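# Give me a model of this one.
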Amino acid sequence: MARRVDVRLKSGGAHVAIGALWCSSFFCRLRGLMFRRRLAPGEALLLVEAADHRAAAAIHMFFVPFSIAVIWINAAGRVVDKVEAKPWRPFYAPRAPARYTLEAEPEVLNRVSIGDEVVFEEPAAGAGR
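Predicted coordinates for the structure are as follows:
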């Protein structure tokens, strides 16, 4: 069974994403959202790198035919950048080094600001996907 995590704001506890798929393997990060027709409501991926890095946290949108929210988070849990990534664009990279890249539906951008701190938690029993 794939690991899932809830992403929530450290201050106030509001959820940013519920049941995001934890993608720490090379192949999970490589595939990302490519070749999907759409993102299901509430679906999210959390791409996990070994350490904070700008280049390693960069993404492309080749073979992703829909827009997504991309939120970059450093190892300390601070949001360092965010963007709405458009289909078929060749390159998006964070302004500052990041370890985590959250990919979700575009509305998620309204739930977080650059500088916010987030935490990753195991989903409550029976919650998530």
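
# where do the helices sit along this protein?
Secondary structure of the chain (DSSP state H): helices at 26-31.

# Low-confidence bits of it, can you list those?
For the chain, the stretches with pLDDT under 70 are 1, 126-129.

# Spatially central residue in it, please.
Nearest to the geometric centre of the chain sits L102, at 0.6 Å (CA atoms, centre = their mean).

# Quick check: beta-bridge partners of the residue nearest to that residue when sequence neighbours are not counted?
Nearest non-adjacent residue to L102, counting by CB to CB, 6 or more residues apart in numbering: I71, 4.3 Å away. To be clear about C-beta, it is placed using only N, CA and C from the backbone, and glycine gets the same treatment. I71 has the following beta-bridge partners by DSSP bridges: K82, L102.

# my guess is I71 meets K82, correct?
Yes. Contact status for I71 versus K82: in contact at 4.6 Å, counting by CB atoms under 8 Å.

# Common neighbours of the two, please.
109, 112 (CB atoms under 8 Å, 6 or more residues apart in numbering).

# Between those two, which is the more surrounded one?
The neighbour count for I71 versus K82, taken as other CB atoms under 10 Å, is higher for I71 (29 against 20).

# so how far is D116 from that one?
Using CB to CB, to the nearest Å, I71 is found at 9 Å from D116.

# Same question for R31.
Distance from R31 to D116, counting by CB to CB: 28 Å.

# and what of S24?
Counting by CB to CB, the gap from S24 to D116 is 22 Å.

# Which residue of these two possesses the greater neighbour count?
Each of S24 and D116 has its neighbours counted (other CB under 10 Å); D116 has more, 19 against 13.

# and that one, what is it in contact with?
Counting by CB under 8 Å, 6+ apart, D116 touches 9-11, 78-79.

# give me phi/psi at it?
Dihedral angles of D116 (phi, psi; degrees, to the nearest 10) stand at phi -60, psi 150.

# Identify the contacts common to I71 and D116.
In contact with both I71 and D116: V79, using CB under 8 Å, 6+ apart.

# Contacts only, for the residue lying closest to F62 once chain neighbours are set aside.
Leaving aside its chain neighbours, F62 sits nearest to W88 (6.3 Å; criterion: CB to CB, 6+ apart). Counting by CB under 8 Å, 6+ apart, W88 touches 61-62, 64-65.
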